[in-house]
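Participant: here's a sequence, model it:
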Amino acid sequence: MAWIYLLVAGVLEIVWAFSMKQSEGFSKLTPSLITFTAMAASFWLLALAMRTLPLGTAYTIWTGIGAVGAFIVGIVFLGEQVTAMRIGAAVLIVSGLVLMKLSSS
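Facilitator: Predicted coordinates:
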């Protein structure tokens, strides 16, 4: 169950990052509320996952899902730049996440 909590927490991190961008510095109410709600739920699920997963593993995977997910959302929904170097960086992050998962018992 911890891995499911962690996965959902990572997805919620993507949601709050995107909605924070949409809030325009917390000047728009609805995206701001989505940001805070998703943030609280993400932290709560991360805390549940950390009951059984090691800190380093849980935190690394949580932030990695958020980072790569936000990168993809930025490209797909916000028209952010796609370059070989940015894609290479994302591939390295995902590689690190896979290695972190494989190294966990």
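Participant: give me every residue that touches the most centrally placed residue in the chain.
Facilitator: What sits nearest the mean C-alpha location of the chain, by CA atoms, centre = their mean, is G66, with 1.5 Å. Contacts for G66 (CB atoms under 8 Å, 6 or more residues apart in numbering) come out as G10, E13, I14, A17. C-beta: built from backbone N, CA, C; applies to glycine.
Participant: which among the residues you listed count as buried?
Facilitator: G10, E13, I14, A17 (16 or more other CB atoms under 10 Å).
Participant: quick check, nearest of those to L99?
Facilitator: Nearest to L99 among the buried ones among the contacts of G66 is G10, at 16.5 Å by CB to CB.
Participant: check contacts around the closest one.
Facilitator: Contacts of G10 (CB under 8 Å, 6+ apart): S42, I61, W62, G64, I65, G66, G69.
Participant: taking the residues you listed together, which two end up most distant?
Facilitator: S42 and G64 (13.6 Å).
Participant: I figured P31 hits S19, correct?
Facilitator: Yes. If you go by CB atoms under 8 Å, P31 and S19 touch, sitting 4.5 Å apart.
Participant: where does this protein dip in pLDDT?
Facilitator: 105 (pLDDT under 70).
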